[in-house]
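**Q** take this sequence and fold it.
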Amino acid sequence: MRSWSHWAFCLISILFCTVTSDQSFDVVVYGATASGVTAAAAAAKEGFCVALVERGRHIGGMVSGGLGWTDVGDPSVIGGSALEVFKLIGKIYGKTEPVFHFEPHVAEAAFYELLQGTSVKIFFDREIKNVTMNGAHVESIITTDGSVYSASIFIDTSYEGDLLALAQVEYTFGRESTSQYNETYAGRLKEPSPWGGHQFNVEVDPHDSEGRLLPLIYDGDAGVPGQADKKVQAYNFRMCLTNNQSNRVPIPPPKNYDPKMWEIFRRYLAAKPSIKSIRQVMSVSPLPNQKSDVNNNGPISTDVIGWNWDYPEANWTDREVIWEAHIQYTKSFFYFLANDPAVPQEMREEMRTWGLAKDEFVDTYNWPNQLYVREARRMIGEYIMTQHDRIENNTKPDSIGVGSYNIDTHNAQRFPERTDSGSWRTLNDGDVERIFKQHFQIPYRCLLPKRQDCDNLIVPVCVSASHIGYGPIRLEPQYMIMGQSSGVAAAFAIRDNVSVHDVNINALQQRLADLGQILNL
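**A** Purely as a prediction, here's the structure:
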């Protein structure tokens, strides 16, 4: 296994830029997510000059930001740059095969390796502020420091879709009704739903002794089954924890810890005496070197339900407040498990063996540098992916990749409901986990705005999809697949002097196939 110093050299050998004057490129990619890196690398490898513009200081998004236990689905459909990234991760570990379970810093090193030898210029600390338009054509983006980046083609690979929104491309967020696209799983679900998990499954009264709702319970209108809303599936931090005492840093306590916040959790534990391990209230997936990727598991876990509804449309000042609230929630969750007398003693002792990995996220106090933004804006583009495109309408003439993951959406709200007997129970709403054996093709059209909205923008993250249609697409391998395809499509549009809508799809598909992208079922 190569030393970290080797990968540090790779990092500094990529060209970082700090100048603030106007700069012109062939392609500008906004958002150094995993999709952004594969998009930038693909366009550069086609011979074009590429800027990768990122608000933060890291590349790889969630793949290097804590999501080390990859949502793979069927690995046979992961090809092209996505497969190359996983092989580069394997190479760092001294393996010849792709590795899908990895440490965050190793993933980031792999992304830098992918960019080695390309023309990609990375611009960190650049938050998009505005765009310059000429009709339906983006001419440049302007960042908050005054930098201007001009290009022929732009690719929005941010999790938030900020570029597409500033370009006045049509989009939505939240949940559609069941009737809008005739989707069984859309809208508010009839809970408890047979299609998902992470539900209480026991009767837990959400009120205190004076009849007031407990913390962590939504006190507004929960809606009716099938109804559309602007509620967004929960975000969390994918925590990289370790129980290796030589590499363990204690999890910091939250600010202003309030034990009352967790009363609903105490009642749940009292109603479920079979819960004796932290692994029953959070997912602990093993990673190399005695680390774990910790994720949501159960009705009350690391998902912060209902605190992110404003995130898609918020400015970054308000988004940072939401990020901080998620940090404090997560710290409080771990503190509760380690210290509250209502938690079984064996669970408290188990929780205390875990801590942050001191060799991960070293510039953010070992805390993940990326909030898991599972879904924010979704473009309304040339083709809208829905539930039907995952289940029965799964072939597309303009395929630029293949997906295999199940429909996967997390809970969006937690609310009280009176039972038929007159008692109260607590319900979570929004989790859908539907597994289908067949794969599905991803159409190029779902990456494109409507032609009248914008003719030189490609969007491989906040793709054109319904909430349910987004469920099987929003996984990082698919983001990387769509990113690479976007980068090659951008190159074709420039080379042929056409809009992104008029790219020769047959030629694009042939080139993608030559690059190892899986296009057919």
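
**Q** how about low-confidence regions in this protein?
**A** Segments of the chain classed as low confidence (criterion: pLDDT under 70) are 1-21.

**Q** center of it - which residue?
**A** Among the residues of the chain, the one closest to the centroid is residue 374, at 4.0 Å (Cα atoms, centre = their mean).

**Q** ok, that residue touching residue 475?
**A** No: the pair residue 374 and residue 475 does not pass the contact test of Cβ atoms under 8 Å, sitting 9.8 Å apart. All C-beta spots, glycine's among them, are computed from the backbone N, C-alpha and C.

**Q** SS state for the residue nearest to the centre of the chain?
**A** Secondary structure state of residue 374, per DSSP: H, G, I helix; E, B strand; the rest coil, is coil.

**Q** now the helices for the chain?
**A** Secondary structure of the chain (DSSP state H): helices at 4-13, 34-45, 80-92, 104-115, 162-166, 263-271, 316-339, 345-352, 387-391, 467-470, 476-496, 505-514.

**Q** how about the second one: buried residues?
**A** Using 16 or more other Cβ atoms under 10 Å as the burial criterion, the residues of helix 34-45 that qualify are 34, 35, 36, 37, 38, 39, 40, 41, 42, 43, 44, 45.

**Q** so the second one touches residue 61, yeah?
**A** Yes: in this structure, residue 35 sits in contact with residue 61. The criterion is Cβ under 8 Å, and the distance is 7.3 Å.

**Q** what do these two both touch?
**A** Here residue 35 and residue 61 have 476, 479 as joint contacts, going by Cβ atoms under 8 Å, 6 or more residues apart in numbering.

**Q** can you pull out the strands in the stretch 301-450 of the chain?
**A** In the stretch 301-450 of the chain, strands defined by DSSP state E, counting those that start in this stretch lie at 355-357, 378-379, 399-403, 407-409, 413-418, 424-429, 432-434, 440-443, listed in chain order.

**Q** want to throw those strands into CSV with distance to residue 320?
**A** As requested, the strands of the stretch 301-450 of the chain are exported to CSV (distance: least, Cβ to Cβ, whole Å):
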stretch, distance to residue 320
strand 355-357, 21
strand 378-379, 23
strand 399-403, 32
strand 407-409, 25
strand 413-418, 23
strand 424-429, 27
strand 432-434, 30
strand 440-443, 32
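
**Q** the residue lying farthest from the centre of the chain and residue 272, how far apart?
**A** Seen from the C-alpha centroid of the chain, the residue lying at the greatest distance (Cα atoms, centre = their mean) is residue 421, 40.5 Å away. As judged by Cβ to Cβ, to the nearest Å, residue 421 and residue 272 stand 20 Å apart.

**Q** and for residue 215?
**A** With distances taken as Cβ to Cβ, residue 215 is found 19 Å from residue 272.

**Q** of those two, which one has the most company?
**A** Counted by other Cβ atoms under 10 Å, residue 215 and residue 272 do not tie: residue 272 has more neighbours, with 17 against 14.

**Q** quick one: contacts for that one?
**A** Applying Cβ under 8 Å, 6+ apart, we find residue 272 in contact with residue 202.

**Q** rerun that using 10 Å as the cut-off
**A** For residue 272, the contacting residues are 200, 201, 202, 204, 280, 281, 298, 299, by Cβ atoms under 10 Å, 6 or more residues apart in numbering.

**Q** do the same with residue 34
**A** The contact partners of residue 34, by Cβ under 10 Å, 6+ apart, come to 59-65, 67, 81-82, 85, 107, 110-111, 114, 157, 461, 476-477, 479-480, 483.

**Q** what number of residues lie near the spatially closest residue to it that is not a sequence neighbour?
**A** In this structure, residue 34 finds its nearest non-sequential neighbour in residue 63, 4.3 Å apart by Cβ to Cβ, 6 or more residues apart in numbering. Neighbours of residue 63 under the rule other Cβ under 10 Å: 29.

**Q** got it, and the one 5 residues further on?
**A** Residues contacting residue 68 under the criterion other Cβ under 10 Å number 27.

**Q** and among the strands of the stretch 301-450 of the chain, the most buried is which?
**A** Across those, averaging neighbours per residue (mean count of other Cβ atoms under 10 Å) puts strand 378-379 on top, at a mean of 28.

**Q** so what touches that strand?
**A** Contact with strand 378-379 is made by 156, 161, 164-165, 169-174, 176, 312, 384-385, 446-450, 453-454, 457, 459, 461-467, 469-470, 473-474, as judged by Cβ under 10 Å, 6+ apart.

**Q** parallel or antiparallel, list what pairs with it.
**A** As defined by DSSP bridges, the strand partners of strand 378-379 come to strand 171-172 (antiparallel).

**Q** run the chain-centre distance for stretch 148-159.
**A** Relative to the mean C-alpha coordinate of its chain, stretch 148-159 is positioned 19 Å out (Cα atoms, centre = their mean, to the nearest Å).

**Q** residue 277 and residue 353 touch, don't they?
**A** No: under the criterion of Cβ atoms under 10 Å, residue 277 lies out of contact with residue 353, with a separation of 11.8 Å.

**Q** give me the nearest residue to residue 71, chain neighbours excluded.
**A** Distances taken as Cβ to Cβ, 6+ apart place residue 475 nearest to residue 71, at 4.3 Å, with adjacent residues excluded.

**Q** do you know how far the one you found is from residue 90?
**A** As it turns out, when the distance is counted by Cβ to Cβ, residue 475 lies 19 Å from residue 90.

**Q** got it, and residue 323?
**A** 32 Å.

**Q** residue 284 now?
**A** In this view, residue 284 and residue 90 are 23 Å apart by Cβ to Cβ.

**Q** now swap in residue 62 and tell me
**A** Residue 62 sits at a distance of 19 Å from residue 90 (criterion: Cβ to Cβ).

**Q** so those two - more neighbours on which side?
**A** When neighbours are counted by other Cβ under 10 Å, residue 62 comes out ahead of the other of residue 62 and residue 90, with 24 against 18.
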